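J.: Structural data only, the sequence is not supplied:
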């Protein structure tokens, strides 16, 4: 039997407020092609199908159209679990209809392990695998499953309850498998301690909360397909327990990662795993440095002539002068688009200048507006380097502001 493991699609996710429908469509079309060419028997989607619990109609259409087309390929069965970004009830809503198409959805763990065990069958009806489809375990479920009166901390409760739940589902899977020599496959959507995370997952955790030891994954499982971490990686170097990672870069911190899906063949119960790289449908580039370095790096990207979205981070010692205008002028009319600019030096500069801070009640409307111009155009460090167009823009803004003030003060 051949399995394809993927996760963390995050359908509907935007990048710097930009819709990415075209990128998702390209990935899903590529995946359909892979299902056919690789003759995949079972598709495993390990959570975070959508980016939000109430996905847009467009995101839903992408998902259901993909499923409708996937069942027409050589892929006989599809297993989907909910991730922390998904609504369990939303994913499970059409489960009875989807079962007729051999699409099995597990949204929430409700205590009965039988609900999370799926026997995968050939067209002849013969069982060819058993899947322990364990979704993202919500903390409210863990408190019900665990023995909170006997545990000393919240972290301990999460670890012990998760471990107990995995064990109970796997034992049910072993019972269902019986004496049949077929693969026992597990899923999970969680954070195993030691995993290498990107910015999008790093912000989810404080301290050790939610990080689970690899020992929670029962040894009886022949393969464990995990979701939640966007960078593809194994658990403790064991290729039979791994994260497939997100198939497309979801933010700029993932732009340099090679995205992939896992293809797993089972021979006499042993999982043979190989990686299939996902094409880069949209290039993301993070550039950092001083203003001069940023401009040089951006010109280099422009010279390549490739479609690219850019995030620029200014790390100089002084606030940059008209950084947004300068970078966008360089990229104008090219396939390169600067979609996010951060001046990291600006915050530090103003924090270091607190001795000259003026309280709002001591400032005039004119001085407040000048502070705003300083912030937007870097005037505090001098306006000499501004081009004539920017200088004229500032003059016009000042004139408009003065007219508004006069109208307010005159009562008109």
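T.: It's in. All figures in this text were calculated on a predicted structure; none of them were measured in a lab.

J.: those strands in the stretch 251-400 of the chain, which residues are they?
T.: Across the stretch 251-400 of the chain, reading from the start of the chain, the strands by DSSP state E, counting those that start in this stretch fall at 260-267, 270-277, 283-289, 308-314, 336-343.

J.: Could you check the angle the third one makes with strand 336-343?
T.: Translated: strand 283-289. Note on geometry: by axes from the mean of the first three to the mean of the last three C-alpha atoms, to 10 degrees, strand 283-289 and strand 336-343 are set 40 degrees apart in direction.

J.: helices and strands around strand 283-289, which ones?
T.: Taking 3 or more C-beta pairs under 8 Å, 6 or more residues apart in numbering; DSSP states H and E as contact, the helices and strands that strand 283-289 lies on are helix 291-304, strand 308-314. Every residue, glycine included, has its C-beta placed from N, CA and C.

J.: what do you get for the last one?
T.: Judged by 3+ C-beta pairs under 8 Å, 6+ apart, the packing partners of strand 336-343 are helix 291-304, strand 308-314, helix 323-331.

J.: one step back: would you mind finding the most buried of the strands of the stretch 251-400 of the chain?
T.: Among the strands of the stretch 251-400 of the chain, strand 308-314 has the highest mean neighbour count (mean count of other C-beta atoms under 10 Å), at a mean of 21.

J.: Provide a list of residue ranges in the stretch 151-300 of the chain with pLDDT below threshold.
T.: Under the criterion pLDDT under 70, the flagged ranges of the stretch 151-300 of the chain are 151-152, 198-210.

J.: one more time with 80, if that's ok
T.: 151-155, 194-211, 268-269 (pLDDT under 80).

J.: still on that earlier bit, for residue 342, find the nearest of the helices and strands packed on strand 336-343.
T.: With respect to residue 342, and counting by C-beta to C-beta, the nearest of the helices and strands packed on strand 336-343 is strand 308-314 at 4.8 Å.

J.: contacts for that closest one?
T.: Strand 308-314 is touched from outside by 15-16, 18, 252, 282-291, 294, 298, 301, 320, 323, 327, 331, 335-346, with contacts defined as C-beta atoms under 8 Å, 6 or more residues apart in numbering.

J.: quick check: angle from that strand to strand 283-289?
T.: Going by the same axes, to 10 degrees, strand 308-314 makes 20 degrees with strand 283-289.

J.: for the residue nearest to the spatial centre of the chain, what are its contacts?
T.: With the centre of the chain defined as its mean C-alpha position, the nearest residue by C-alpha atoms, centre = their mean is residue 250, 4.9 Å away. Residues near residue 250 by C-beta under 8 Å, 6+ apart: 8, 10, 13, 15, 200, 230.

J.: Please identify the most buried of the helices and strands packed on strand 336-343.
T.: Among the helices and strands packed on strand 336-343, strand 308-314 has the highest mean neighbour count (mean count of other C-beta under 10 Å), at a mean of 21.

J.: Count the residues that sit near residue 388.
T.: A total of 7 residues lie near residue 388 under the criterion other C-beta atoms under 10 Å.

J.: My error: substitute residue 119 in the last question.
T.: 16.

J.: That one touches residue 125, doesn't it?
T.: No - here residue 119 does not reach residue 125: they are 10.4 Å apart, not a contact under C-beta atoms under 8 Å.

J.: secondary structure element for residue 187?
T.: Element membership for residue 187 (DSSP states H and E) is strand 184-189.

J.: contacting residues around that strand?
T.: Everything outside strand 184-189 that qualifies as a contact, by C-beta under 8 Å, 6+ apart, is 3, 7, 44, 46-48, 79, 81-84, 129-136, 166, 169-170, 173-174, 177, 217-218, 220-228.

J.: Can you turn the buried part of those into a PyMOL selection?
T.: Buried residues among the contacts of strand 184-189 (16 or more other C-beta atoms under 10 Å), as a PyMOL selection:
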select buried, resi 3+7+44+46+47+48+79+81+82+83+84+129+130+131+132+133+134+135+136+166+169+170+173+174+177+217+218+221+222+223+224+225+226+227+228
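
J.: picking that back up, what strands flank the strand holding residue 187, and is each parallel or antiparallel?
T.: Strand pairing for strand 184-189, determined by DSSP bridges: strand 127-132 (parallel), strand 223-227 (parallel).
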